[in-house]
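need the 3D shape of this:
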Amino acid sequence: MAPRADRRPFFQRLVEFISPGPDSKDELFRTLAEAEDRELIEPESRLMLEGVLRMADMTAGDVMVPTPRMDLLDINADYDELLGVVIETAHSRFPVYDGERDNIIGILMAKDLLKLQRAPELNLRTLLRPAVFVPESKRLNELLRDFRSNRNHLAIVIDEFGNTAGLITIEDVLEEIVGEIEDEFDEQEQENGIYTLADGTHRVAGDVAIGAVNEAFGTRLSEEAFDTIGGLVAHELGRVPRRGEAVEVGGLRFAVMLTRGGAVRWFRVARVPEAPVTADDGQLD
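Presented below is the predicted three-dimensional model:
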């Protein structure tokens, strides 16, 4: 008779594997840290194990991109407009809506737009792939298993009322385990963590020194209370900003591109346009 499959949860099997057995996650984290200190596991292995354990307690709602910050395509838009969005955002998959943004009718692969270019008579609706919908309460470990089994890379997250709450990708889930994943379009960062993007804005790492930002942009941001630009921006906002939020400080606009571990990983930085001068400016009554 074939041996029965071990159906115990991963966390339980991991706990029972380590001796003496920890009786809490905090203790397990300490045990992993001790194992790294004793060179029983590599630092990367410890970080991945901790990521798996934390992910088991997280849901799709914890890491999704909220609806207001989703990049969507309008089924009724013309080809040039669709292509412009695809080029600007550089995503490989896009939710497509009809009428209201909350009405997601399918997923369009960016590469499928080439079919429209070669055969304009095609109906865009025929190129759409079915959208996968998951609740906000869906646990990430379960979602990852679904992504793998169904070969989907993107899911639409819905709230308790059935409305679109956001979207989540397989990359979002994996990054909770292995950290930020750079793709083939990510440029090599400069040594100071600041480099220019194609549209003239800049990508700036959250841990870049304020002095480096001042030197790069010719600004005079205060270096007295904070060492990094991420700390200064969080202070101005009163909390750590979330992905998609933007704050204006010292003539610069800092839009959050990516957060990781409770801190901003990358900002998109642009100069705040100067207010236009009116005819009455500078005149005395």
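
can you give me the buried ones in stretch 27-37?
28-29, 31-32, 35-36 (16 or more other C-beta atoms under 10 Å). (Each C-beta comes from the backbone N, C-alpha and C, glycine too.)

between those residues, which is closest to H235?
Minimum distance to H235 across those is 29.3 Å, recorded for F29 (C-beta to C-beta).

helices of this structure, residue ranges please.
10-17, 25-37, 43-55, 60-63, 79-89, 113-118, 140-150, 170-178, 210-217, 229-237 (DSSP state H).

state the number of residues packed around L143.
24 (other C-beta atoms under 10 Å).

likewise T228?
20.

about what we covered before: what's the closest of the helices of the chain to D159?
Of the helices of the chain, the one closest to D159 (C-beta to C-beta) turns out to be helix 60-63, at 8.2 Å.

contacts for that closest one next, please.
Around helix 60-63, the neighbours that count as contacts under C-beta atoms under 8 Å, 6 or more residues apart in numbering are 134-140, 143, 155, 157, 165-166, 168, 172-173, 176.

drop anything exposed from those.
Buried among the contacts of helix 60-63 by 16+ other C-beta under 10 Å: 134, 136, 138, 140, 143, 155, 157, 165-166, 168, 172-173, 176.

now for those residues: which two are most distant?
Across the buried ones among the contacts of helix 60-63 (C-beta to C-beta), the longest gap, 18.1 Å, separates A165 and E176.

any figure for the gap between F267 and R203?
Separation of F267 from R203 (C-beta to C-beta, to the nearest Å) stands at 7 Å.

so which of those two has more stuff around it?
Using other C-beta under 10 Å as the criterion, F267 and R203 rank with F267 on top: 28 against 19.

ok, the more buried one touching I229?
Yes - in this structure, F267 is within contact of I229 by C-beta atoms under 8 Å, at 7.0 Å.

output the below-cut-off pLDDT ranges for the chain.
Applying pLDDT under 70 to the chain picks out residues 1-24, 44, 178-192, 198, 260-262, 275-285.

cutoff 80 now
Confidence mapping of the chain against pLDDT under 80 gives the ranges 1-57, 87-90, 116-122, 175-192, 195, 197-200, 242-244, 258-263, 274-285.

who wins for proximity to R69 among the helices of the chain?
The nearest among the helices of the chain, by C-beta to C-beta, is helix 79-89 at 11.2 Å.

for that closest one, buried residues please.
82-83, 85-86.

same question for stretch 92-108.
For stretch 92-108, by 16+ other C-beta under 10 Å, it's 93-97, 104, 106-108.

which parts of the stretch 151-285 of the chain are strands?
154-158, 164-169, 194-196, 202-205, 246-249, 252-260, 263-271 (DSSP state E, counting those that start in this stretch).

can you redo those as JSON lines with distance to S222?
JSON lines is the format used below for those (distance: least, C-beta to C-beta, whole Å):
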{"stretch": "strand 154-158", "distance to S222": "39"}
{"stretch": "strand 164-169", "distance to S222": "35"}
{"stretch": "strand 194-196", "distance to S222": "18"}
{"stretch": "strand 202-205", "distance to S222": "17"}
{"stretch": "strand 246-249", "distance to S222": "10"}
{"stretch": "strand 252-260", "distance to S222": "13"}
{"stretch": "strand 263-271", "distance to S222": "17"}
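
nearest to L40, of those strands?
That would be strand 252-260 among those, by C-beta to C-beta, at 26.5 Å.

buried ones in that closest one?
In strand 252-260, counting by 16+ other C-beta under 10 Å, buried: 252-257, 259.

quick one: L82 and D71, what's the gap?
In terms of C-beta to C-beta, L82 sits 12 Å off from D71.

ok, now L127?
17 Å.

how about G231?
Taking C-beta to C-beta, one finds G231 at 29 Å from D71.

ok, now L232?
As defined by C-beta to C-beta, L232 lies at a distance of 28 Å from D71.

so what's the residue count around the spatially closest residue to L127 that is not a sequence neighbour?
Spatial nearest neighbour of L127, chain neighbours left out: D112 (4.5 Å); criterion: C-beta to C-beta, 6 or more residues apart in numbering. For D112, the neighbour count with other C-beta under 10 Å is 17.

and if you look at the one 5 residues further on?
When neighbours are defined as other C-beta under 10 Å, Q117 has 10 of them.

same check, this time on V240
Neighbours around V240, by other C-beta under 10 Å: 16.

got the contact list for it?
Here V240 is in contact with 234, 259, 262-264 (C-beta under 8 Å, 6+ apart).
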